[in-house]
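Chemist: Sequence first, then the predicted structure, then my questions.
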Amino acid sequence: MKNHSKRTKQIQDMAFLSMFTAVIFLLAFTPLGLIDLPVIKATILHVPVILGSILLGPKKGAFLGAMFGLSSLIKNTMMPSLSAFVFTPLIPVPGSDTGSPWALFVCFVPRILVGVTPWLVYALFRRLSRTSGVQVISLVLAAVVGALTNTALVMGSIGVLFADAYAAAQGISVDALMGFILSIVAANGIPEAIVAAVVTPAVCVPLIHALKLDVRPCAKQQAV
């Protein structure tokens, strides 16, 4: 009976993982997920990664984050924008004939962490209290942290790794780059965090209760 329950749980997890992966690519390659702006693409692709992190744990959340990064790599390579060179090494850096391998760091590492930080926040707050009110608050906070992890780390990495090239691509001085990056973090990060904060509890609360997932974010096996 125990083996049957474990097998059922594994099948359930794989079904959710497949569904969230499909949603990520659907959003990435349709107008639903990426909003093309003059200097960067605002996104809601972080939402299924956050949901997967909370419902499935950090390992599967990190996998979904990697799928987020992969979709970004493909799209920026196939349909490059002004800042595509910071997300794919196949697009030359301005002033150079080649791309930079650091683009893989920008493209993947922040997105993988989006699949980890929401689980950490949710697990912490759920350990403190089991009440439904705290559950909703913890889901909102986890969603906000996940969204800001994406925006802040992507733009922060760009500012560190591609300062000169990115400033040149935007037609601004390097001295003005920090203010420019902070304006993008505010303009993109705040709306993205709000969307995540609204969608995450709306989706997670009924699923957690219907599928009896309430104790899973604190389960030891999910942390390894």
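Modeler: Now that the structure is in, tell me what you want to look at.
Chemist: How about the contacts made by Val134?
Modeler: Counting by Cβ atoms under 8 Å, 6 or more residues apart in numbering, Val134 touches Phe125, Arg126, Leu128. No exception for glycine: its C-beta is placed from N, CA and C like everyone else's.
Chemist: what does the helix or strand harbouring Ile50 rub up against?
Modeler: Under the criterion of DSSP states H and E, Ile50 resides in helix 46-56. Residues from elsewhere that reach helix 46-56 (Cβ under 8 Å, 6+ apart): 13, 16-17, 20, 23-24, 27, 60-61, 64-65, 67-68, 111, 114-119, 122, 139, 142-143, 146-147, 150, 192, 195-196, 199-200, 203-204, 207-208, 213, 216-217, 222.
Chemist: And the residue nearest to Leu153 when sequence neighbours are not counted, which helix or strand is it part of?
Modeler: Distances taken as Cβ to Cβ, 6 or more residues apart in numbering put Pro110 closest to Leu153, at 3.5 Å, once the chain neighbours are dropped. Element membership for Pro110 (DSSP H and E) is helix 102-114.
Chemist: Any buried residues in that helix, and which?
Modeler: Applying a neighbour-count criterion of 16 or more other Cβ atoms under 10 Å, one finds Trp102, Ala103, Val106, Cys107, Phe108, Val109, Pro110, Arg111, Ile112, Leu113, Val114 buried in helix 102-114.
Chemist: Please apply the same query to stretch 196-216.
Modeler: For stretch 196-216, the neighbour count (16+ other Cβ under 10 Å) marks Ala196, Ala197, Val199, Thr200, Pro201, Val203, Cys204, Ile208, Leu213, Arg216 as buried.
Chemist: now it: mean pLDDT?
Modeler: For stretch 196-216, mean pLDDT rounds to 82.
Chemist: Cys204 and Thr77, how far apart?
Modeler: Going from Cys204 to Thr77 by Cβ to Cβ, to the nearest Å gives 33 Å.
Chemist: Show me what the helix or strand hosting Phe20 is packed up against.
Modeler: Using DSSP H and E, Phe20 maps to helix 2-28. The contact analysis (3 or more Cβ pairs under 8 Å, 6 or more residues apart in numbering; DSSP states H and E) places helix 2-28 against helix 46-56, helix 58-78.
Chemist: And these: which comes nearest Ile158?
Modeler: For Ile158, the closest of the helices and strands packed on helix 2-28 is helix 58-78, at 12.7 Å, according to Cβ to Cβ.
Chemist: residues touching the residue nearest to Leu153, list them.
Modeler: With the criterion set at Cβ under 8 Å, 6+ apart, Pro110 makes contact with Thr149, Asn150, Leu153, Val154, Ser157.
Chemist: follow-up on the earlier one: and the helix holding Ile50, how far from the chain's centre?
Modeler: Centroid displacement of helix 46-56 relative to its chain, using Cα atoms, centre = their mean, to the nearest Å, is 8 Å.
Chemist: So what touches stretch 140-155?
Modeler: Outside stretch 140-155, the residues that touch it by Cβ under 8 Å, 6+ apart are 43, 46, 49-50, 53-54, 106, 109-111, 113-114, 117-119, 121-122, 125, 181, 184-185, 188-189, 192-193, 195-197, 199-201.
Chemist: now do 6 Å
Modeler: Under the contact criterion Cβ atoms under 6 Å, 6 or more residues apart in numbering, stretch 140-155 has outside partners 46, 50, 54, 110, 113-114, 117-118, 121-122, 181, 184-185, 188-189, 192-193, 196-197, 200-201.
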